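S.K.: Below are the sequence and a predicted model; questions follow.
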Amino acid sequence: MPEASVPTSGPTHPSAGRRRIVLLLGVLGLLYAAGLNGHWRFQRDSARYMALARSLAEDGTYRFNGRPHTLVWPGFPAMLAPVYMAAGQSFLAMNALLSLLGLGAVAAAWALYRELPLNARQAAVCTLLFGFSRTLYYYSSHIMSDVPFTVFALITLLCGTIMLRSPGRTAWLWCAAASVTAAAACFIRPVGPVLPIALVSAVWLTPGVRRGRLAAGRTLMILVPVLAAGFAWNVRTAMVREPNSFTYFDVFIERHTLRETVLGMAVRAPRIVDALPDAVLGLDVGWSLGLLMAVAMAMGLATALRRGERLACTYGVVYLATICLAAPGRRFLLPALPVLIYWLVLGMHSAAAVVQHHRPALSPRRAAVVGHVLLALAVGTNLTRISKLVYEARAPGFYERIEDGRLPDYFALTAWLRDNATARDVVFAREHETVHYFSRVRTRRAGPGWERDPLGFLGRTDVTLVVRDPDKDAGWEHLPHLMRARPDVFEPVARFGRLEVLRLHREALPRAPDAAAPAPPSSGGTTTSSGRTGDESPEMPPAS
């Protein structure tokens, strides 16, 4: 394939590159400041993270819903805990932290692009596409772990890339930095181990680095902090874990055969193609454009490998394969987005070289004009959607528009629970994380037994209150019929907009001789059958 010569280092004039990134960060800083507010975006993962951060800040324990937590690793809650200690439950402060991390991700991506085999113009294009990505902006306004993990992943890739082409002692220093940031990323998201896998693979695949003792030494330096972090977490989990609690290993690996896992990944892989236009370009058009982008990215991946790049390519491939274990949607593409953009730009460059080879009439100047038009369209579509997000954040009635106005109802509900629930009350709710965080009342969520035998399921728990949300009734469709058929069991006691609170008369429930065995997670959740509350849904819910 014909291909223009591309230098393997950053811009010719480093000061010019620094001025550009400072200007870009300044513009993005204004955008992020314009969209910053003191509101909370409805997301059950976010409520869980905030509850864990509150637990760390208040008494130094890592508990959720009144019990030791074993599912979510403590990296992101530990980042939120100092904010909670300094500002309390200030959504403005927590949103500001996420916005700063979003800007940090852009700066880290720019530094990484300068180290990859890109020329100055290609690195600038990649940085523009990532910086003005609606996906990055959107999740930088949500109190979730996606943006923090992306920052640590980019720093790890940056340190690893410099390590692979640095001599002597300098390489060992960058190797140590990469191993520490990779270990930190593992504490933020369960997909973090893809980083040490990519680092070790790159060490053994890069010519000039894969010499026996040198490669073995760097492999040990990379793996020791990661394995130490994993060992410490697993020891802690084993010490506090209860019989009916779950870990990510239980959710995604242990309960599935190898054949089921591989087939599930193959079935879910096409969703990545469907999500590409929205994640990269801000265009929710699905397969048609996504397939063209996937072809261009495959060409870019091949080009990067020919140029000797191993680390970012390995990370991108392994990460995309890993998220196919669960839900490869736009949100989970964010940590791979800088690499996907890198592949896309290289692929478009290679495609242009092929066209110019077969059609000499297409001059480099015309090709450059086409490229600038495509870049302007990509940035423009993302900016249009970012502008909509800014308007929503600044306009009055924010909570009336988000999630169809459900949040004010939940705020009223949880305020009522704080004032009226007793220490013995346990609330059964679909959004149990949100109810628990804002009310501090113990909660429980539904499991498989709820759909098969709802009264028997409730009878095996210590639930005393039920919250019905008609807008989110998947798996709860039978509750209205039960309310009409068994008024002796369900007594309406309060209503908050569309939400209804029911008092459960336990004496009218069928009594089970034994507590049911703990049920595995369903649609991302976990359930228990003891008198305690259920554990939390995993951050990446398994697709059915």
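M.R.: All right, it came through fine. Residues are numbered from 1 along each chain as shown.

S.K.: least trustworthy helix or strand in this structure by mean pLDDT?
M.R.: helix 248-249 (a mean of 60; mean pLDDT, DSSP states H and E).

S.K.: what element comes up after it heading to the C-terminus?
M.R.: helix 258-268 (DSSP states H and E).

S.K.: Just the mean pLDDT for whichever helix or strand comes after that following helix, thanks.
M.R.: Per DSSP H and E, helix 258-268 leads on to helix 270-276 as the next helix or strand towards the C-terminus. Mean per-residue pLDDT for helix 270-276: 90.

S.K.: List the contacts of the spatially most central residue of the chain.
M.R.: Geometric centre of the chain, nearest residue: Asp146, 3.4 Å, by Cα atoms, centre = their mean. Each residue near Asp146 by Cβ atoms under 8 Å, 6 or more residues apart in numbering is listed here: 139, 331-332, 334-335. All C-beta spots, glycine's among them, are computed from the backbone N, C-alpha and C.

S.K.: Have a look at those residues and tell me the least confident one.
M.R.: Arg331 (86).

S.K.: pretty sure that one is touching Tyr139, no?
M.R.: Yes. At 6.6 Å, Arg331 counts as touching Tyr139 under the criterion of Cβ atoms under 8 Å.

S.K.: of these two, who's got more company?
M.R.: Tyr139 (24 against 21; other Cβ atoms under 10 Å).

S.K.: what's the closest non-adjacent residue to the more buried one?
M.R.: Nearest residue to Tyr139, sequence neighbours excluded (Cβ to Cβ, 6 or more residues apart in numbering): Asp146, at 4.7 Å.

S.K.: quick one: the one you found and Ala93, what's the gap?
M.R.: 19 Å (Cβ to Cβ, to the nearest Å).

S.K.: Beyond the longest helix belonging to the chain, next helix or strand please.
M.R.: Identified as the longest helix of the chain according to DSSP state H is helix 364-394. Next helix or strand after helix 364-394 toward the C-terminus (DSSP H and E): helix 398-401.

S.K.: which of the residues in that next one are buried?
M.R.: 398-399 (16 or more other Cβ atoms under 10 Å).

S.K.: Just the mean pLDDT for it, thanks.
M.R.: Here the average pLDDT along helix 398-401 is 76.

S.K.: I'd like to know which elements it is packed against.
M.R.: helix 406-420 (3 or more Cβ pairs under 8 Å, 6 or more residues apart in numbering; DSSP states H and E).

S.K.: any idea of the mean pLDDT for whichever helix or strand comes after the helix it packs on?
M.R.: Going down the chain from helix 406-420, the next helix or strand is strand 426-428, by DSSP H and E. Summarised as a single mean, pLDDT over strand 426-428 is 95.

S.K.: Please apply the same query to stretch 453-461.
M.R.: pLDDT averaged over stretch 453-461 gives 90.

S.K.: Equivalent analysis for stretch 464-475, please.
M.R.: For stretch 464-475, mean pLDDT rounds to 87.

S.K.: quick one: contacts of it?
M.R.: By Cβ under 8 Å, 6+ apart, stretch 464-475 touches 404, 406, 413, 417, 421, 424-431, 435, 446, 450-451, 458, 476, 479-480, 483, 490, 493, 498-504, 506, 523.

S.K.: Give me the buried entries from those residues.
M.R.: 406, 413, 417, 421, 425-431, 435, 446, 450, 458, 476, 479, 483, 490, 499-502, 504.

S.K.: mind giving me the domain split of this protein?
M.R.: 14-145+255-392, 405-508 (automatic domain parsing).

S.K.: Reformat those domains as TSV; add distance to Gly160.
M.R.: Formatted as TSV, the domains of the chain follow (distance: least, Cβ to Cβ, whole Å):
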stretch	distance to Gly160
domain 14-145+255-392	5
domain 405-508	35
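
S.K.: How are the helices of the stretch 151-300 of the chain distributed by residue range?
M.R.: Applying DSSP state H, counting those that start in this stretch to the stretch 151-300 of the chain gives helices spanning 168-188, 194-205, 212-240, 248-249, 258-268, 270-276, 287-306.

S.K.: would you turn these into a markdown table with mean neighbour count and distance to Leu97?
M.R.: Below are the helices of the stretch 151-300 of the chain laid out as a markdown table (neighbours: other Cβ atoms under 10 Å; distance: least, Cβ to Cβ, whole Å):
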| stretch | mean neighbour count | distance to Leu97 |
| --- | --- | --- |
| helix 168-188 | 20 | 14 |
| helix 194-205 | 23 | 22 |
| helix 212-240 | 15 | 22 |
| helix 248-249 | 16 | 25 |
| helix 258-268 | 13 | 32 |
| helix 270-276 | 20 | 26 |
| helix 287-306 | 18 | 32 |
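
S.K.: Just tell me which of those ends up closest to Thr70.
M.R.: Closest to Thr70 of those is helix 212-240 (Cβ to Cβ; 4.8 Å).

S.K.: For that closest one, the averaged confidence score.
M.R.: 88.

S.K.: ditto for stretch 179-192
M.R.: Stretch 179-192 comes out at a mean pLDDT of 94.

S.K.: Restricting to C-alpha, output that stretch in CSV.
M.R.: C-alpha atoms of stretch 179-192 as CSV (Å, rounded to 0.1, in the frame of the first residue of the first chain):
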residue,chain,number,x,y,z
SER,A,179,3.6,0.1,36.3
VAL,A,180,2.4,2.5,39.1
THR,A,181,-0.2,4.2,36.9
ALA,A,182,-1.4,0.8,35.6
ALA,A,183,-1.9,-0.5,39.1
ALA,A,184,-3.8,2.7,39.9
ALA,A,185,-6.0,2.1,36.9
CYS,A,186,-6.7,-1.4,38.1
PHE,A,187,-8.1,0.0,41.3
ILE,A,188,-10.5,2.3,39.3
ARG,A,189,-12.1,-0.1,36.9
PRO,A,190,-12.1,-4.0,36.7
VAL,A,191,-11.0,-3.7,33.0
GLY,A,192,-7.7,-2.2,34.3
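
S.K.: List the contacts of that stretch.
M.R.: Residues contacting stretch 179-192 (Cβ under 8 Å, 6+ apart): 73-76, 78, 145, 148-149, 152-153, 155-156, 159, 193, 195-196, 199, 221-226, 228-230, 233, 248, 319, 322-323, 335, 538-540.

S.K.: ok, 7 Å please
M.R.: 73-76, 145, 148-149, 152-153, 155-156, 159, 193, 195-196, 199, 221-222, 225-226, 229-230, 248, 319, 322-323 (Cβ atoms under 7 Å, 6 or more residues apart in numbering).

S.K.: Quick check: Trp40 touching Phe91?
M.R.: Yes. With contacts counted by Cβ atoms under 7 Å, Trp40 reaches Phe91, the gap being 4.8 Å.

S.K.: which of those two has more neighbours?
M.R.: Legend: neighbour count by other Cβ under 10 Å for Trp40 and Phe91, higher for Trp40 (23 against 16).
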